[in-house]
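> the following block contains a protein sequence and its predicted model.
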Protein chains: 2
Amino acid sequence: MRRIGLIEVYTGDGKGKTTASIGLAIRARAHNFKVCYISFHKNPSKFKYAEQNILKKLKIDVFCFAKKHPFCDKIDFNKLRKDCLCALDFIKEKIYPKGYDLLILDEINISIRDGFLKEEEVISLLKNKPKNLEIVLTGRGCPSKIIESADLVSEIKKIKHPFDKNIKARKGIEF
Amino acid sequence: MRRIGLIEVYTGDGKGKTTASIGLAIRARAHNFKVCYISFHKNPSKFKYAEQNILKKLKIDVFCFAKKHPFCDKIDFNKLRKDCLCALDFIKEKIYPKGYDLLILDEINISIRDGFLKEEEVISLLKNKPKNLEIVLTGRGCPSKIIESADLVSEIKKIKHPFDKNIKARKGIEF
């Protein structure tokens, strides 16, 4: 691929961050790009993220790290920090050398916001990316230093959400 | 399907509106939902929206109406208004009766913002939707009356975009 890969961030409290990253994966794959999707704080064996199955079907590589969510699960901080660091090592050692065009780090902003990853650890990861690789970071609460080092940042603001009317997350729509 | 379909809006000047709707289509399809994607102001024979091919491959029905864009093409206002009205008739007569679970109206907010469709025409379309059908409207400049009638609204704000650095739209990323 000839273009230079940029850093994209999707943050904010509205619906559409992970969903946009799934859309980006699909668009890139439609052009035969080599795509890798890595989720943080999601456990597909506990909760069915059906979209991940379609990604796999389309030959997008899917990996899940740090499978506990700080808001939804009982967590051991040190264990979760270790899991997140494992993910960074995996990316550097196993993903970067493999010539991917697009790498999605879904919900990694949560890992940084809640201190499982330090800002400088993620910035160093981004700085050392292969030149052609586009990296997408999603999750609310993206810290300002990450925003500074990104080329594209969209803040997805909640104007309205059915959760406010006590409508629970719906299969096929929210997950 | 048992759940009640809601109205979702993705608007704002940032990247991620169409992309989020593609992600929603994929997630819904992953649950075997029946999905229809209708674009406004996009001409796939002029510009390759490769993501539409993946949608078709996944058995999502794809239709394109009003194929000229008010910002990018020379347009005939009356012709484009007629095309948009055709789309509304098509949705009412051909899509609503067919038991879809999710209907995406990509960039329809542009049609309303630029007067090709009147707010009340779209609101009437939304009011008469089948109960179980979830409808997603995308495009910048969503008018306030549409926002009022929606259940979920995300405003995607541009914090940064590579366009500002004169980086042009990139294949596989922006289209």
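On my side now, so go ahead.
> what about the helices in chain A?
A:17-30, A:50-57, A:77-90, A:108-113, A:119-127, A:144-149 (DSSP state H).
> got the confidence number for residue A:75?
pLDDT, residue A:75: 88.
> with adjacent residues omitted, what lies nearest to it?
Once flanking residues are discounted, residue A:75 sits nearest to residue A:68: 4.9 Å by CB to CB, 6 or more residues apart in numbering or on different chains. Every C-beta, even on glycine, is put in place using the N, C-alpha and C of the backbone.
> most tightly surrounded among the helices of chain A?
Burial of the helices of chain A is given as mean neighbour count (mean count of other CB atoms under 10 Å in any protein chain shown); helix A:17-30 ranks first at a mean of 27.
> before we move on, back to that, turn the helices of chain A into TSV, including distance to chain B.
What follows is the helices of chain A, written out as TSV (distance: least, CB to the nearest CB, whole Å):
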stretch	distance to chain B
helix A:17-30	3
helix A:50-57	4
helix A:77-90	22
helix A:108-113	13
helix A:119-127	14
helix A:144-149	7
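> related to what we said a few turns ago, tell me who's in contact with the residue nearest to residue A:75.
Counting by CB atoms under 8 Å, 6 or more residues apart in numbering or on different chains, residue A:68 makes contact with A:41, A:43, A:74, A:75, A:80.
> so which of those residues wins on neighbours?
residue A:41 (26 neighbours; other CB atoms under 10 Å in any protein chain shown).
> surely that residue meets residue A:107?
Yes. Checked against CB atoms under 8 Å, the pair residue A:41 and residue A:107 is within contact range at 5.1 Å.
> tell me what angle the longest strand along chain A forms with helix A:17-30.
As assigned by DSSP state E, the longest strand anywhere in chain A is strand A:152-160. Computed with axes from the mean of the first three to the mean of the last three CA atoms, to 10 degrees, the direction of strand A:152-160 lies at 130 degrees from that of helix A:17-30.
> neighbouring strands for strand A:152-160, and are they parallel or not?
If you go by DSSP bridges, strand A:152-160 pairs up with strand A:7-11 (parallel), strand B:152-160 (antiparallel).
> what pLDDT is listed against the residue nearest to residue A:75?
90.
> check what pLDDT the most centrally placed residue in chain A gets.
In chain A, the centroid-proximal residue (CA atoms, centre = their mean) is residue A:106; its distance is 1.3 Å. We have a pLDDT of 98 for residue A:106.
> surely it touches residue A:39?
Yes. Between residue A:106 and residue A:39 there is a contact at 4.4 Å, judged by CB under 8 Å.
> surely residue A:129 meets residue A:135?
Yes. Applying CB under 8 Å, one finds residue A:129 in contact with residue A:135, separated by 5.9 Å.
> overlap in contacts of the two?
Common neighbours of residue A:129 and residue A:135 (CB under 8 Å, 6+ apart) are A:5, A:7, A:103.
> can you list the residues you listed in TSV and add neighbour count?
TSV is the format used below for the shared contacts of residue A:129 and residue A:135 (neighbours: other CB atoms under 10 Å in any protein chain shown):
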residue	neighbour count
A:5	20
A:7	21
A:103	24
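> out of those residues, which is nearest to chain B?
residue A:5 (8.8 Å; CB to the nearest CB).
> residue B:145 versus the residue nearest to residue A:75, what's the distance?
According to CB to CB, to the nearest Å, residue A:68 and residue B:145 sit 43 Å apart.
> what do you get for residue A:153?
Distance from residue A:153 to residue B:145, by CB to CB: 30 Å.
> good, we can wrap up now.
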